[in-house]
Every structure is written in C-alpha cells, then in structure tokens.
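K.L.:
Give me coordinates for this.
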Amino acid sequence: MSCVIGCPGAGCAAAAWLANPCRSHGNAAWCRCVRAVDVSRRWHILRDGDALTLCRHLPPRFDFAVRALLPRANPLRLAHQIRQDLWRALQSLRGFSPVVALVPEGDGWVVTAGGRSADRIPAPVIARAQAVLNNPNNRARWVRHAREGR
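P.N.:
The predicted structure follows:
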C-alpha cells in the first residue's frame with residue numbers, strides 16, 4: 001500500500017487524501033508534505049526531498065535522539081541497518097519504537113537515531129544509543145551494506 005501526499009496548492013492530492021485516507025494510516029493528521037510508503041505493513045518510510053525518515057508509528061517522534069555523520073550511500077538500506085542495531089541494543093526499554101532520520105549534508109548524511117518510549121529515558125539508554133551509532137564496526141558494516149544495494 002502506498003499513499004502520495006501533495007503540498008497544498010494547485011493540483012494537490014491532499015484533498016483526495018483527506019477525503020479518502022489510506023487503510024494503513026486511517027487519517028492524515030501527520031501529513032506534512034511527504035511521501036509515505038507502508039512497507040510490509042510494519043515500517044513507514046517518509047521522504048521529504050532527499051531526506052528520509054524510517055519509523056514504526058506515525059507521526060515519527062523522537063523522545064530521545066543521537067546524531068552522527070555518515071558517508072553517502074543508499075539511505076533506505078542505511079536506515080534499516082541502523083534501526084536494526086538500535087533495536088537490538090534498546091529492545092529492553094519498555095515501549096521502545098526506533099526512528100531513524102537521514103538528512104543529506106555535503107557528500108554524506110546527518111543521521112538522527114532514537115525513537116519513542118513509554119518510559120522515561122535514563123542517561124545510560126542515550127549513551128547506549130550513542131555507542132551503537134559511533135561504533136566503527138557498525139558504521140563500516142552499514143555503509144558497506146548500503147553501497148552494495150546501489
């Protein structure tokens with residue numbers, strides 16, 4: 001299933017979207033001029049120009065976030081790899097749902113990784129997320145995997 005959301009203006013698809021929301025999302029309250037694709041009915045991919053956000057729940061929400069800069073590679077493959085490792089490190093956090101955003105900067109990506117949680121976020125959780133994002137072995141594997149998919 002996919003939904004294309006247009007910007008307000010002439011020829012916009014937003015009116016059609018609001019009149020007939022997709023079966024996945026039920027409403028368009030989260031709409032901010034992005035294209036959303038429901039992957040396997042589990043992950044939402046939001047695109048805004050070259051930027052990409054991967055999340056499980058809409059709207060995407062960062063209750064905590066860490067940032068890093070990565071070299072340019074396939075953004076979707078990169079986001080999925082980061083999400084998987086972040087989930088493995090933080091799955092014991094009650095109600096945790098990972099969110100990964102990639103924004104192009106120069107010849108790389110500014111990666112914001114974090115997510116939403118049902119609990120308060122203790123400092124060790126943020127440190128663990130930062131460790132995942134800054135681990136040189138993880139970073140090399142992510143970029144290698146993302147470049148293979150070109």
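
K.L.:
Show me what the biggest helix by length in the chain packs onto, helices and strands only.
P.N.:
What stands out as the longest helix in the chain, according to DSSP state H, is helix 75-90. Packed against helix 75-90 by the contact rule (3 or more Cβ pairs under 8 Å, 6 or more residues apart in numbering; DSSP states H and E) you find strand 43-48, strand 51-55, strand 97-105, strand 108-116, helix 123-134, helix 136-148. Placement of C-beta: from N, CA and C, glycine included.

K.L.:
if you set the cut-off to 10 Å instead, what comes out?
P.N.:
Helices and strands touching helix 75-90, by 3 or more Cβ pairs under 10 Å, 6 or more residues apart in numbering; DSSP states H and E, are strand 35-39, strand 43-48, strand 51-55, strand 64-71, strand 97-105, strand 108-116, helix 123-134, helix 136-148.

K.L.:
Just want the angle from that helix to helix 136-148.
P.N.:
Per axes from the mean of the first three to the mean of the last three Cα atoms, to 10 degrees, the angle that helix 75-90 makes with helix 136-148 is 150 degrees.
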